[in-house]
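Asks: here is a sequence together with a model predicted from it:
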Number of protein chains: 4
Amino acid sequence: MNPSAQRADKLSKLMTTTATLLLSCADQKGLVAEVSRFIYEHEGNIIHADQHTDLEESVFVQRIEWELDGFGIDRAAISAKFAPIAERFDMDWRLRFSDERTRIALLVSKQAHCMYDLLARWRMGELEADIPLVISNHADLAGVANDFGVPFHHLPITPETKPEQEAAIRELVDEHDIDVIVLARYMQILSPEFVAAHPNRIINIHHSFLPAFAGARPYHQAHERGVKVIGATAHFVTGELDGGPIVSQDVAHVSHRDSVGDLVHKGRDLEKTVLARAVHLHLDNRLIVYGNKTVVFD
Amino acid sequence: MNPSAQRADKLSKLMTTTATLLLSCADQKGLVAEVSRFIYEHEGNIIHADQHTDLEESVFVQRIEWELDGFGIDRAAISAKFAPIAERFDMDWRLRFSDERTRIALLVSKQAHCMYDLLARWRMGELEADIPLVISNHADLAGVANDFGVPFHHLPITPETKPEQEAAIRELVDEHDIDVIVLARYMQILSPEFVAAHPNRIINIHHSFLPAFAGARPYHQAHERGVKVIGATAHFVTGELDGGPIVSQDVAHVSHRDSVGDLVHKGRDLEKTVLARAVHLHLDNRLIVYGNKTVVFD
Amino acid sequence: MNPSAQRADKLSKLMTTTATLLLSCADQKGLVAEVSRFIYEHEGNIIHADQHTDLEESVFVQRIEWELDGFGIDRAAISAKFAPIAERFDMDWRLRFSDERTRIALLVSKQAHCMYDLLARWRMGELEADIPLVISNHADLAGVANDFGVPFHHLPITPETKPEQEAAIRELVDEHDIDVIVLARYMQILSPEFVAAHPNRIINIHHSFLPAFAGARPYHQAHERGVKVIGATAHFVTGELDGGPIVSQDVAHVSHRDSVGDLVHKGRDLEKTVLARAVHLHLDNRLIVYGNKTVVFD
Amino acid sequence: MNPSAQRADKLSKLMTTTATLLLSCADQKGLVAEVSRFIYEHEGNIIHADQHTDLEESVFVQRIEWELDGFGIDRAAISAKFAPIAERFDMDWRLRFSDERTRIALLVSKQAHCMYDLLARWRMGELEADIPLVISNHADLAGVANDFGVPFHHLPITPETKPEQEAAIRELVDEHDIDVIVLARYMQILSPEFVAAHPNRIINIHHSFLPAFAGARPYHQAHERGVKVIGATAHFVTGELDGGPIVSQDVAHVSHRDSVGDLVHKGRDLEKTVLARAVHLHLDNRLIVYGNKTVVFD
C-alpha cells in the first residue's frame, strides 16, 4: 500500500466504531470457540483478540474487539444476545463501544506534575476522554485547572469533616456521570465506603522502592539506604491501602550522585508516565481485574 | 489450592504433553472461530492461545497450545485432519509437540561468553533441547566444549576454503538432524546459499547502538561518540546482513565513566541474555515470522 | 538531625549561592591538585567535584562547585584570579554562578508534547530558568503559549524565506539575551551559519531506533521491521545532522502488540522525558562537551 | 592514533600497576586539595579520581587511582607516608594495588545459575581474581566445581551442627586467605558472629519485588499479586537480614503472560547479572561503605 492509500485506510479505521467485550470466568472447555462463534456467526470482523488462562487459579480472561460496521446485531441488542452465553459460563463481563467517551474526575492535592501531564495529554487529544472537573482538598492548583479550562472544585478536608467532604465528592461524581476517578497525587486516604462504592473505578499512583519503605518521607529513607532503583506503581484502589490490583509499574536507576531532591524529581517523572499509562489502558478497555490482579491486554 | 496440592498439580502439568499450532495467513473473517472449533470439537483443552492481526499488512498470526491428553485425534493424525482448514485459509503453519526436543548446533569462534551461558543453561535443564555438537572455525574453545561434554568440530575457514567449510557444516547439521543453528558469536558471514537452505532456522546475536555504527570496532566508535545506551539484538539470519527478523533486544545504560573495555563487558552481558532469550522463545515455539518481522508470543 | 532541623538546613543550602567551574584540557600532572588548591587556599567549601580522564583521547574534564559564602575572592574577581591557572594548562573553561538564571528560547512546530512538558516544569518551578519566548514556524501552538503566559512569535518559513526567518530568530535570541535554544520538536534543519553561531547552545530531541532508520516515517519503518526497542536522543546541534554530542538517551520496550500509533505515543513520552533531562542537566551546569561527545556529571 | 598504536598503548596501560586509595571521613575543607597534593608532590599520574559529598550526612568519600610507575614513593612505603594525612582528617581508608589478586570463596547450595556464571567469567579472564574453593551445604554442585577445576567442600548443615559448620567454613576461609565471600544462592542465614567477623566482605544476592513479599515462595506471591516488575539486589551482608548496604540492583518487566516458572527464570537471569556486577565492582575497588549505604564509583 502506498503512503497516501495507507493514510486513507488509517483514517477509515479511526472512523470505524468497534465493540469490545471483556470477560473473565472459571476456565472450561469451549470458551474460545463459543465466543468467537458468536461474533463470526453475526459477520463480525475481529480486529483484536487476546486471552489468558491463569493455570494457578484456573481463571480464563479474554478481550475481544470487533467492528460494528457490518455486524449482524444492532449495537443496542448485543448485550441481550450475548447474555445467555455469559450466563452459561458464569462470566463476569463488560461490553464497551469505542465511541463512548470515558468521563474522568481528577482528584489532586498540592503537587501539580501528574495533573499537568494528564491535562496536557487530554488537550492534545491523546486521551479519548472528557475531564469535566478537578477536585482538590487545597486551593493551590485552581490556577492550573483554570489555564486548561476545567472547572475546579475546592473541597477542604479535616478529620472531622471527612464524611461530608467525601459525600460532596460523591455528589459531584454522580452529577457529572463520572466513569473513573484518577487520584493524581491526591494524598488523602479514601474511606472504605467511598472505595467500595467505586470498585475498579479509582486509579491511584504511588512511589515504590526496593526495598519498600513504610512511613513518612520515603525518598529520604531510600536515600539513606542507598537504593540503586526507584519506581512508581499505578493501581486500582481497594480497601487495602496501596494494595489494590497493579496496573502499571516502571523504574529508574539512581545512584549516590542523586540527592534526595533528585530522587524526588526522578520519582515525579515516573509517577507522571506510569499514571498516564494506566489511564490510557483503562480508556482503551484493556484492563481486566480478577482476584487481586490486573490483566493488561496491551 | 494449598501449596502441596499446587505442587502436585504443577507436576502433572509438566507431565502433560501438548500440541502447539503456529499459523499465519491473510486476515479474513471466521479464522479464530474455525481454529478454536477444530480443537473444541475434538475435546481439546486449550492452555494457551494468542493471536495478532497486523492491520497495516492485513496479516493474521496465531499460536494455540492444547493438551494431547483427552484430545479426540491421535497425535499422528492431527496434521492430516487440520490440513483442509489450513488450505481453505491459505495458511503458513507448523504443528509441534512439547515432547519433541529441539536439536541445536552451536557455532562459535573465539569469544566464549554466549557459549558458556547457553551450555550452562542446557546443563541446568533450563533449555529443553539437545546440543549434540559445537562447530568453530577456531580451536580456542575446544576445551570449553569438552568441559561440558559436547563434541567439538574444528572447521577452519579461509576465503578460498569457505565453500568447503560450509559444506562440512551442512553435512554435520544434516547428520545430527539439527533443527536450529545458533550463532553464538560465530563472526563469519554465512553464504546466501547456506542461509537460504535454513530459513528461520539460524539465530544470530549482534551488538547494536544508538546511533548505529557501521564498520569495524563498533565499541570504539560508540565510545568516541559518547553514547548513553548500548544494546544487543538477536535475529533470524536472512540474506540481508544483520537485517533479518528481530527476535529479542535489550539495552544497558552507559556513561563517560565506561571505558571501551567496560562497554565491551556490558555488551557481552547483553549479548548473553538476549541470545538466550531468543533461543528460549524458539524452543517454546513462541515465534512466528512473516514479512521481515517476528511476532513473539511471550 | 531531626526533620525540622534538616529542613532548615536544606533551606539554608538552597539560599547559598555557589560557583561552578567547568573545564577541559589535555591530561597532565598536577591538574587536580592545582584547581583544588586554588579553591582551598581561598577558603572555599567544595560541595560537589567530579572529574574524568579520557584515556583514549588524553583529555581531562572537571566540574567543581563551591560555596561563595566565605570564599576569599569576590565573585566578580574569580575569573581574573583563575585565568592564569587556566592559561598554564591551556584549559577550555566556564565559570557559572547558581543565581544566574538561564534564559531559554523554545522553538516548536506543530507537535505540543515537549512544549507542554517543559512549560509545565517551568511553571512548577522545576526548571531554574526563564522562558521569555516561544518561536514557531506554524501558528498552531500559539494558544498553548498563551495559556502559560509566554509570548509566542510566529515566523513562517519557506525554502525561499529561510535566511530571513533565521535572521528573525537570531534577532529575537539576541534581543532576549537567550542562553540556550531548545528545539522542542521544531522539525526544521537550521542552517550551518545559525548552528555555528550558537556552539553547544542548541539542544535537539529526536527519535532513535535499533536498527536506525533513515528517511521519512521512521515509526512506520520501525513497525515494519518489528523492532523490540525504541528510543529517543537529546543532543547538542552541530553541523552534522542529528550527529552532535549526545546528552541524554532512553528507550522503551515495544512488541508486535504496539501499532504504529502506539509507537508514536511511546516515542513521544520518551522524547518529553529525555529532552527535559537534557535541559535540566544544562541548567545545572553539568555538561562538558569536547570532541564530539558530552560528559554528563550527574 | 591508528588501531595498532592504540592496541599497543592499551597493552601498556594494562601492564601498568596502579595504586587505589578509598577513603571516607567527615566532610571538611581542604580534603581534596590535601589528597591530590600528596599524589602530585610525589609525581603520581592520576588516572581516575571520583569523590562524593553526602550533604545530608556530611560525609566525604573519595576514590583515587594513580600509576605506580614513576611515583616517588616505594609501594611498600605509601601507607606509612599517607597515614598522617588520614589521621589528621580522621579517615577510614584502604590502599589497594592493581596487581593484588582478590581471593574469592564461593558459597552455594543447590541452584547453579550464579555459580556457573561466576566461574565462566573467571575462566574467561573477566574476573581479576582467584577462586580457590567452592563451599556448599549440599553435594549437588560438586560436579560443576569439578568441571571448572575448583576444589569443592561439602559441609552439610543442620540446626544442631550450624556452629561447627560455620567454624569449618571460617577455617577454610582463613586457610585460603580469602578476601571476599560470595553467597551465590547459598540459602543459609549466616550467624551474627560469622557476619561480624567479615565486615563488608560478604556479598549476597536476593530477589526483590515491588511490592516486597515477606516469607516463603516470593515468586508465587508476586505472581498472585500481578506485579509488572521484578528485581534482584546484591548487597553486603550485615546483621540485619537482607538489610545490608546495597551494591547493585536491576529489574525486568513482566506481565500476566509470565507464569511462576517464567518469573523464576527471569529472576535467575537478573540474579546472575546483578551479582556478577557487584563482584566486578568489588574487585575493581570501586565500593565504599559508610553508614548503611554503598557508594559505587563506577
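Replies: That came through, no problem.

Asks: chain A - how does it break down into domains?
Replies: Split into domains by automatic domain parsing, chain A comes to A:3-97, A:102-296.

Asks: can you tell if the longest one touches chain B?
Replies: In this case it means domain A:102-296. Yes: residues of domain A:102-296 contacting chain B under C-beta under 8 Å from any C-beta of the partner chain: A:His253. Yep, even glycine has a C-beta here, placed from its N, CA and C like the rest.

Asks: so does that domain get close to chain C?
Replies: Yes: shown here: domain A:102-296 in contact with chain C (C-beta under 8 Å from any C-beta) through A:112-113, A:116-117, A:120, A:123-124, A:126, A:144, A:147-148, A:217, A:257-258, A:265, A:269, A:273, A:276, A:280.

Asks: near chain D, from these?
Replies: Applying C-beta under 8 Å from any C-beta to these, one finds that A:Arg257 fall near chain D.

Asks: from the residues of domain A:102-296 next to chain C, which would you call buried?
Replies: A:112-113, A:116-117, A:120, A:123, A:126, A:144, A:147-148, A:258, A:265, A:269, A:273, A:276, A:280 (16 or more other C-beta atoms under 10 Å in any protein chain shown).

Asks: so who does A:Ile202 touch?
Replies: A:180-183, A:190, A:195, A:236-237 (C-beta atoms under 8 Å, 6 or more residues apart in numbering or on different chains).

Asks: whoops, A:Ala49 was the one
Replies: A:36, A:62-65, B:32, B:51.

Asks: what does A:Phe209 give?
Replies: Contacts of A:Phe209 (C-beta under 8 Å, 6+ apart): A:218, A:221-222, A:227, A:229-231, D:210.

Asks: which residues of chain A score low on pLDDT?
Replies: A:1-15, A:210-211, A:214-215 (pLDDT under 70).

Asks: return the set of buried residues in the helix of greatest length in it.
Replies: With secondary structure taken from DSSP state H, chain A has its longest helix at helix A:260-283. Across helix A:260-283, burial judged by 16+ other C-beta under 10 Å covers A:260, A:262-263, A:265-283.

Asks: ok, stretch A:37-54 next?
Replies: Buried residues in stretch A:37-54 (16+ other C-beta under 10 Å): A:37-40, A:44-54.

Asks: state the pair within these that is farthest apart.
Replies: A:Asn45 and A:Asp54 (28.7 Å; C-beta to C-beta).

Asks: which parts of chain A are helices?
Replies: Using DSSP H, helices in chain A cover A:3-15, A:31-41, A:78-88, A:113-123, A:142-147, A:162-175, A:192-196, A:218-225, A:260-283.

Asks: for the ones you listed, which one sits closest to D:Glu166?
Replies: Comparing these under C-beta to C-beta, the one sitting nearest is helix A:218-225, at 27.6 Å.

Asks: the closest one near chain D at all?
Replies: Yes: Helix A:218-225 lies within reach of chain D by C-beta under 8 Å from any C-beta, at A:220, A:223-225.

Asks: can I get that helix in CSV, CA atoms only?
Replies: This file holds the C-alpha atoms of helix A:218-225, laid out as CSV (Å, rounded to 0.1, in the frame of the first residue of the first chain):
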residue,chain,number,x,y,z
PRO,A,218,10.1,7.6,51.7
TYR,A,219,12.6,9.4,49.5
HIS,A,220,14.7,10.3,52.5
GLN,A,221,14.6,6.7,53.6
ALA,A,222,15.6,5.5,50.1
HIS,A,223,18.4,7.9,50.0
GLU,A,224,19.7,6.9,53.4
ARG,A,225,19.6,3.3,52.3
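
Asks: distance from the chain centre to it, please.
Replies: How far helix A:218-225 lies from its chain's middle: 29 Å, per C-alpha atoms, centre = their mean, to the nearest Å.

Asks: now stretch A:78-86
Replies: Worked out by C-alpha atoms, centre = their mean, stretch A:78-86 lies 26 Å from the chain centre.
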